[in-house]
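In: What shape does this take:
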Amino acid sequence: MDSALIHFPPMGVYETLFKFQDATGKYMGTEGTHPWAQGFPLTTPVPGGPDLPTSISFTHAHLKYPQATGGIELLEAIRDYYNHFYSSKITTDNVAIFAGGRPGIYATLAFLKPEYRVLIEETEYTPYWDALELLGRDYTIIQSNPENRFRPTLEDYRAHAGHTFVVKSNPCNPTGVTWRGEQLKSMVEFCQEDGRAGLFDEAYEFFQTGEIESAMRYVGDIDQTNVFVVSAATKGLQAPGLRVGWVVASKSNIELFRNFSSIAMGGVARPSQICAAGLISLDRVDHARTGIQNFYGSQRERYGAALESLGFELFTGDGGFYHWGRLPGGLTADEFNERLFKHEAAILPGTLCDIFRRGANSPMANFVRFSFGPLNAGSFEGDVEILRAALA
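Out: Numbering: from 1, shown residues only. As a prediction, this is how the structure comes out:
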């Protein structure tokens, strides 16, 4: 019987996970595998970082339906976080809670008025393409490829007139390129102009070299803007399994998200919210920011040196926990994965980060996103040996 539903392929990362499982009989990330294709952090304490909880205390009352607005503990913790670190002046009415960052991004695009055209970089986070296609959104590609070293400028955005809505991961997934300082301030100001708006996906906020930045530092009175800042407990707080994310925006836009939650989501699990509130509390999160930044900065440096010694041409920025580079010898990422599967390892092919979705004809066909997010300090030598063997 034909399905009554429209067919749609899995999100890019999962496409690789399923191929890996077919080839190895294992799910990537389980013990003994090498999950270089996946975007999750260590869920054990990093050197110099804080402890991570292994239990949650809650009462019978927390088993009731959660509030569509989000639990007050988490709303207050997020408010205090941005006001403390970035001198913003938001209230709990500027925060909406979602079951991870992706649902917040999806909801924003779902409610976007039809006159807005999305501006999105050519090389970006894979689910953006899925959301734009499923929602039938008009979008324009901003050049981000080897020709400009995956580093577009504000002028590339300004070239497009009319009602525009920027969608941008910062630091960028997969390239690690990070807009900061005056460059980030100028982009925020651009998104505040009449007829313009923008979403800043800051999942990798803690994973930056130098002073940690957020668009929230430059927003000013967020109630007078259509700026949306998205983050989650997934990466820097090292808790992807909680499935807790949030959007910071104007009160009027947050009201729409809370209405959406009452219709389509029913709120987010209270035990998860309680745990996330503790993770982002001010007496802990400064420790987490420093520990994550230092550990993953050292990982970025040594894996970068190793990949370059193996012949990779790296284009990586100074954020995130990925390396983005071109394979040596004309090898394609799909061919490289076939070799890596024999070692129970895999990378994310660059074609899946190509918003044009050009497949084998993509200029990213020889590019890979190598994730060192799930890797502990002791796996380095073994990782390099597998990479060397697969390139031989």
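
In: Would you agree residue 146 is in contact with residue 326?
Out: Yes. Under the criterion of C-beta atoms under 8 Å, residue 146 makes contact with residue 326 at 7.4 Å. From N, CA and C alone the C-beta is placed, and that goes for glycine too.

In: shared neighbours, those two?
Out: residue 315 (C-beta atoms under 8 Å, 6 or more residues apart in numbering).

In: the more surrounded of those two?
Out: residue 326 (20 against 14; other C-beta atoms under 10 Å).

In: all helices of the chain, in order?
Out: Per DSSP state H, the chain carries helices over the ranges 12-24, 72-86, 101-111, 126-135, 154-158, 181-191, 251-260, 270-279, 282-309, 333-341, 380-391.

In: Worst mean pLDDT among those?
Out: The weakest mean pLDDT among those belongs to helix 12-24, with a mean of 92.

In: Figure out how far that one is from the centre of its chain.
Out: 20 Å (C-alpha atoms, centre = their mean, to the nearest Å).

In: go on, stretch 357-368?
Out: For stretch 357-368, the distance to the chain centre is 21 Å (C-alpha atoms, centre = their mean).

In: So what's the model's average confidence on it?
Out: pLDDT averaged over stretch 357-368 gives 96.

In: how long is that stretch end to end?
Out: 15 Å (C-alpha to C-alpha, to the nearest Å).

In: Now do that stretch: everything it contacts.
Out: So stretch 357-368 is contacted by 123, 129, 145-146, 312, 324-327, 330-334, 336, 347-351, 353-354, 356 (C-beta under 8 Å, 6+ apart).

In: filter these to the buried ones?
Out: Buried members of the contacts of stretch 357-368, counted by 16 or more other C-beta atoms under 10 Å: 123, 129, 145, 312, 324-327, 331-333, 336, 347-351, 353-354.

In: From the residues you listed, which land in strands?
Out: 324-326, 348-349 (DSSP state E).

In: excluding its backbone neighbours, what's nearest the most centrally placed residue in the chain?
Out: The chain has residue 203 as the residue nearest its centroid, 4.3 Å off, counting by C-alpha atoms, centre = their mean. Leaving aside its chain neighbours, residue 203 sits nearest to residue 235 (5.0 Å; criterion: C-beta to C-beta, 6 or more residues apart in numbering).

In: That neighbour contacts residue 202, correct?
Out: No. With contact defined as C-beta under 8 Å, residue 235 does not count as touching residue 202 (9.4 Å).

In: Next one: residue 369 from residue 120, what distance?
Out: 17 Å (C-beta to C-beta, to the nearest Å).

In: Looking only at neighbour counts, state which of those two leads.
Out: Per other C-beta under 10 Å, whichever of residue 369 and residue 120 has more neighbours is residue 369, with 31 against 24.

In: who's in contact with that one?
Out: 37, 174, 322-324, 347-348, 350, 353.

In: neighbouring contacts of stretch 98-112?
Out: Residues contacting stretch 98-112 (C-beta under 8 Å, 6+ apart): 96, 118, 127-128, 131-132, 135, 137, 165, 167, 199, 201, 203, 228, 230-232, 234, 243-247, 256-257, 260-261, 265, 268-269.

In: Of the residues you listed, grab the buried ones for ChimeraX.
Out: In ChimeraX, a selection of the buried entries from the contacts of stretch 98-112 looks like this (16+ other C-beta under 10 Å):
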select :96,118,127,128,131,132,137,165,167,199,201,203,228,230,231,232,234,243,244,245,246,247,257,260,261,265,268,269
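
In: quick one: which of the contacts of stretch 98-112 sit in strands?
Out: Reading strands off the contacts of stretch 98-112 with DSSP E, I get 96, 118, 165, 167, 199, 201, 228, 230-232, 245-247.

In: can I get those residues in CSV with distance to residue 377 and pLDDT?
Out: CSV is the format used below for these (distance: C-beta to C-beta, whole Å; pLDDT from 0 to 100):
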residue, distance to residue 377, pLDDT
96, 37, 98
118, 39, 98
165, 41, 98
167, 34, 98
199, 34, 98
201, 28, 98
228, 36, 98
230, 30, 98
231, 26, 98
232, 25, 98
245, 28, 98
246, 31, 98
247, 34, 98
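
In: And these, which is closest to residue 382?
Out: For those, the minimum distance to residue 382 (C-beta to C-beta) is 30.1 Å, reached by residue 232.

In: pretty sure that closest one contacts residue 248?
Out: No. Contact between residue 232 and residue 248 fails when scored by C-beta under 8 Å: they sit 11.9 Å apart.

In: Now do the shared contacts for these two.
Out: What both residue 232 and residue 248 touch, as defined by C-beta under 8 Å, 6+ apart, is an empty set.

In: ok, residue 248 - contacts?
Out: Residue 248 neighbours (C-beta under 8 Å, 6+ apart): 78, 82, 90, 94-95, 216, 222, 228-231.
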